[in-house]
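1. task: produce atomic coordinates for the following.
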Amino acid sequence: MTANQPTPTSLPPTPMPTLMPTATPIAQMATPTMSTEFAISSLDDIVGTWINRVKGLNIEFKNNPRSEVFYSRGATLISERYSIESGQVIIGEYLPGPQEAWGKCLTNPEATYRVFITYIGDQPVSLPFELVGEDNCPERIKFLDGDTLRWVELCII
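-> As a prediction, this is how the structure comes out:
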């Protein structure tokens, strides 16, 4: 060693605190886990607002049963009637509204999508869509087919 270097020293061990038992046990919180994906079975499974984050569009499924597609802070682009049968959403007629955006679909608007849902606890989380057969609406295909919508909020209408 050279004369100007400090000499190594060891630090004394740090004592571990002693844990004292308490009179009341502390309950551990259960960590919610994501459920497995399962086919939807009723309107109640999907009623609410869902977002396709990649496309920047929302769809609100109402319990009357009507759906509306809109941008996050914008007007409704399209409104359609839908039904649920055997784990599938069947989209039917267009309702009066600004239908110019999806005009190619007006002559034959019906389409069927297989839909699954996952939950964390009792909160819905995701809603993947898969086209079954054909859809004459290319804009709807881009929005739904093969994409997973994410839960935004419950709507009661």
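
2. could you pull up the residues touching residue 56?
-> Residue 56 makes contacts with 71, 72, as judged by Cβ atoms under 8 Å, 6 or more residues apart in numbering. In this view, the C-beta of every residue, glycine as well, is placed from N, C-alpha and C.

3. same question for residue 44.
-> By Cβ under 8 Å, 6+ apart, the residues touching residue 44 are residue 63.

4. buried stuff in the helix or strand it falls within?
-> For residue 44, the enclosing helix or strand under DSSP states H and E is helix 43-46. For helix 43-46, burial by neighbour count (16 or more other Cβ atoms under 10 Å) applies to 43, 45, 46.

5. tell me the secondary structure for residue 108?
-> Assigned with DSSP: H, G, I helix; E, B strand; the rest coil, residue 108 falls in the coil class.

6. tell me the first helix or strand C-terminal of the top helix by length along the chain.
-> Longest helix in the chain by number of residues, with DSSP state H as the criterion: helix 138-144. Sequence order places strand 148-153 as the next helix or strand after helix 138-144, per DSSP H and E.

7. check which residues of that following strand are buried.
-> Neighbour counts over strand 148-153 (16+ other Cβ under 10 Å) mark 148, 149, 151 as buried.

8. name the residues that touch the longest helix of the chain?
-> With contacts defined as Cβ under 8 Å, 6+ apart, helix 138-144 is touched by 52, 55, 57, 59, 69, 91, 101-102, 104-105, 111, 113, 129, 131, 135.

9. report the mean confidence score over stretch 132-150.
-> Here stretch 132-150 scores 90 as its mean pLDDT.

10. what about that stretch, start to end distance?
-> With Cα to Cα, to the nearest Å as the measure, stretch 132-150 spans 21 Å from end to end.
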